[in-house]
Structure formats: structure tokens, C-alpha cells
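Novice: For reference, the sequence and a predicted model appear below.
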Amino acid sequence: MKILVVGSGGREHAICYSLLKGKKVEEIYCAPGNAGISEIAQCLSIKDNDIDNLYKFAKENKIDLTIVGPEVPLVDGIVDKFEKENLRIFGPNKKCSMLEGSKAFSKEFMIKHDIPTAKFKEYMDLDEAINEIDSFGYPVVIKADGLAAGKGVVIAKDKEEGIKALREMMSDKKFGSAGEKIVIEEFLKGIETSILAFVDNNTIVPMESAKDHKKVYNNEEGPNTGGMGTFSPSNIYDEQLSHIVKKEVLDKTLKGFKYDNLNYKGILFIGLMITEDGPKVLEYNVRFGDPETQSVLLRLETDLIEIIEAILENRLNEIHIKYDEKNAVCVMLTSGGYPESYEKGKVITGLDKVDEDIVIFHSGTKIINNKLVTNGGRVIGISAKGNSLEEASKKVYENIEKIKFEGMHYRTDIGVLSN
């Protein structure tokens, strides 16, 4: 099979890595890819949101299957375009992708189908939002409605911070059109975890659990990022919690898809807060999470192509999906200053010195003048498996010490924290 993977990050690198473990793949193309992906796939100079040229390439090169990594092309309708022209593509269509494309849409879906979540209200008028913000208590969560690359969420500890965030989103257009509508919701206390699931029209199958660390600094401090590291399985996701999530979240979500005629096929990411009152949904994403994917796919033993084909043919219930029982850890190395402003083009050294059992997923890298350099906020994910969380984490951190680039930052507590 000839496969086209759309995207340029660590998630897409992990997808390509996983595809190569199977037996069906002959050639992998990645658009646009990155320096690490270029070692295992042919990278194309087509942006991941350039739907017309992606379609043209897939058509002209007789691509057997396109796999979409990031949310933007999904929300923009790449699946609808490809399906209209009878090209096989993996991911939810434009209507389904609104679950990530609009915070208000997803919250309304949860309320409609009795899926536990925080109380909320959506606003398009700044003055109204400011006048009512006190009613949610503090701290309070403020979200830009549209896509904001994982950064459009602010947890304001008091009214002053809340009003500042509202003005930045709605007046100053910090996140562009994504902040024209905002959602204010109550702050949930608990432990955050996430579940990725394979979904077809009849079945929803959760993958192995993962714990993501979003804050830029140790001990969950500092601003939110796209993700500073993960480990799998999550240390809180036991059999009892799994049963509750299936009954209260997964089954109700699938039932909601059917009721609302959402022809959902693809990956569903569910962000959860485990509260005293049980699990509550923080958000839906309509694709593999990044960097959760790096930990989960590292453990996947079943051929990813077999799973994808089963989903496209609505026979997911026939597939038995296996995972390595070992623990996996992925720690992100980021550019200095991320998630705010940062510089690119810093030379990366030491990757050739890491141990053989370390898996390196590139997120933001490129080759300039035959040198590997940084090309994003999140640069590289260093991943490993171990017989325990402690063993996997120790391996990762011992090898990170061999890697260098100017301004390199990473958290030192991924897989080390007790929560």
C-alpha cells in the first residue's frame, strides 16, 4: 500500500513509525513532514491545510490511503473532499470535526446527551461575559471557541485575570477569529487524564490510557502548552474507572453520534478530569493527541493499517487490539521561551549518542546546510518503554542528557510525579 500521512509533528512521526511495524505498507509519503520523518518517509512540500494540492497528489500518485494527523485540515473538510472523489481517507468528516472545531458545539453535544462535564455558557458579547463571570466562581476556565493550537484555554484565578483573558481573546484577537465566541465554564478539581479511542459507526474502542502534562514547568506550573510529555498507561486509570468512563462517556458519546446522525469514523480523543463526583469530560479532539500518541502507539502491537481498514469498513468490533504490557514515557524537548515567543534554527546535537532502545519522535525539526536544527516550539520527543514507569522514565532522562541545543527546555518530572 502507498500511504499519505498529513502533518508535520511528533504525532505524525509516531504514526509513520507505527505504520512501518505492519506488513501492508510499501511506501509512506508525509506532507509536509519534518527532518525525523524524512528518514522513514518521503516528505512533500505541501502544507497540511492545502487540501486541494493534497487531493491532487493523492489522485495523481494513486495513494491507497490518506491518514490525517492534525485538526485543521479535518475541521476544514479534507475528508469530505477526498470521499467525494472516492479516495480513501482516515479521519472524521467536517461535521463531526466540529466537536473540536467549536468548544460551544462540543459542550452542547455533551449536555444534550447527558455526558458529564463542567457547567458552562457561551458568549459573543464581551460586556455580557464580564458581567457574568463571577457566577462561575474562581478559579474560572475561559476558552476560545475555535481552534487555537491547544493554547486557547486560560484558567483565571480571580476576576482581574478573567477580564484580562476575555479582553485578549475577544477584543485584542489574541487567537484571531477563534476568540470571536468564547466559552466560560466552572473549574473542575481533580486529576487530569485522557483516553484515545478508535471509532466507527457502531463501535467505540478505547486505546490504552495515557497521562499528559500540559503545563510548561514541573509540578503543573506555568502556562498551558500543546503537551510537555506523557506516559502510558495512566497510573490512575484502573478497571473501576475504565468501567465508569465506558458507561458514562464512551457509550453515551457513541449513542449521541447515532442520534445526531454524525457519521463518525476515525480517532476520538477525550480529555477527562477525574473529580470527586466521577469523571467529567473537559474536551473532545477529533484526532490522535500529541504527545499521547507517542506513548500509546509505542505500545501498540496490532497492525495500525488493519485497525484503520476495519474502521473504514465498519467492522471495528471484529478486531482484537493488542498492546505491549510495558510502560511507555515520552518527554518533549522544547525551544526556550515556548509556549510564548521562541527562536528557531538552533543546531541539535547528540541524537546519534542515545541508546538503541530509545525512540526519537521529531516534532519541530528541519535540515539546513546538512545540519539538524529546531523548527518549532516543541522540538523532539524522547521516548522509551520499561517494565515499570520508573524504569521507562529513568531511561528517557538518562538519554536526554546526551542531547543539546541552545535554549533547550524540558520538564524533569514526567513519569516521576505521583499524580
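Specialist: Received it, and whenever you're ready, just let me know what you need. Numbers count the residues shown, from 1 in each chain.
Novice: Please make it C-alpha for all contacts and neighbour counts, starting now.
Specialist: Fine.
Novice: give the contact list for Lys119.
Specialist: Glu185, Glu186 (CA atoms under 8 Å, 6 or more residues apart in numbering).
Novice: now swap in His13 and tell me
Specialist: Contacts of His13 (CA under 8 Å, 6+ apart): Gly33, Gly36, Ile37, Phe361, His362, Ser363.
Novice: let's see 7 Å
Specialist: Ile37, Phe361, His362 (CA atoms under 7 Å, 6 or more residues apart in numbering).
Novice: now, which of these lie within strands?
Specialist: Judged by DSSP state E, the contacts of His13 include Phe361, His362 as members of strands.
Novice: Pick out the one among the contacts of His13 with the largest number of neighbours.
Specialist: Ile37 (29 neighbours; other CA atoms under 10 Å).
Novice: How much space separates that one from Ala31?
Specialist: 10 Å (CA to CA, to the nearest Å).
Novice: and if you look at Val141?
Specialist: On the measure of CA to CA, Val141 and Ala31 end up 35 Å apart.
Novice: ditto for Leu4
Specialist: Distance from Leu4 to Ala31, by CA to CA: 7 Å.
Novice: The two: which has the busier surroundings?
Specialist: Taking other CA under 10 Å, Leu4 and Ala31 do not tie; Leu4 has more neighbours (27 against 24).
Novice: In contact with that one, which residues?
Specialist: Ile28, Tyr29, Cys30, Ile63, Leu65, Thr66, Ile67 are the contacts of Leu4 under CA under 7 Å, 6+ apart.
Novice: Name the residues linked to it by a beta bridge.
Specialist: Beta bridges link Leu4 to Tyr29, Thr66 when assigned by DSSP bridges.
Novice: any chance of the contacts of His13 in TSV, with distance to Lys246 too?
Specialist: Shown next, in TSV, are the contacts of His13 (distance: CA to CA, whole Å):
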residue	distance to Lys246
Ile37	35
Phe361	31
His362	33
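Novice: Spatially, what comes nearest to Asn399 if we skip its sequence neighbours?
Specialist: Val354 (5.6 Å; CA to CA, 6 or more residues apart in numbering).
Novice: On the pLDDT front, check that neighbour for me.
Specialist: Looking at Val354, its pLDDT reads 98.
Novice: what's the answer for Ala148, then?
Specialist: Reported pLDDT for Ala148: 75.
Novice: ditto for Ser194
Specialist: 87.
Novice: in whatever helix or strand it lives in, what's buried?
Specialist: Element membership for Ser194, per DSSP states H and E: strand 191-199. By 16 or more other CA atoms under 10 Å, the buried positions in strand 191-199 come out as Glu192, Thr193, Ser194, Ile195, Leu196, Ala197, Phe198, Val199.
Novice: Would you pull up how far the next helix or strand after that strand lies from the middle of the chain?
Specialist: Going down the chain from strand 191-199, the next helix or strand is strand 204-206, by DSSP H and E. Here strand 204-206 is found 16 Å from its chain centre; the criterion is CA atoms, centre = their mean, to the nearest Å.
Novice: that older thread, name the member of the contacts of His13 with the shortest distance to Ile115.
Specialist: Using CA to CA, Phe361 comes nearest to Ile115 of the contacts of His13, at 34.4 Å.
Novice: Just grab the bridge partners of that closest one for me.
Specialist: Beta-bridge partners, per DSSP bridges, of Phe361: Gly381.
Novice: any idea how far Gly137 is from it?
Specialist: 41 Å.
Novice: The strand holding Ser194 packs against which elements?
Specialist: The elements that strand 191-199 packs onto, with contact taken as 3 or more CA pairs under 7 Å, 6 or more residues apart in numbering; DSSP states H and E, are strand 204-206, strand 211-217, strand 266-275.
Novice: Of all the ones you listed, which one comes closest to Ala104?
Specialist: Of the helices and strands packed on strand 191-199, nearest to Ala104 by CA to CA is strand 266-275, at 15.6 Å.
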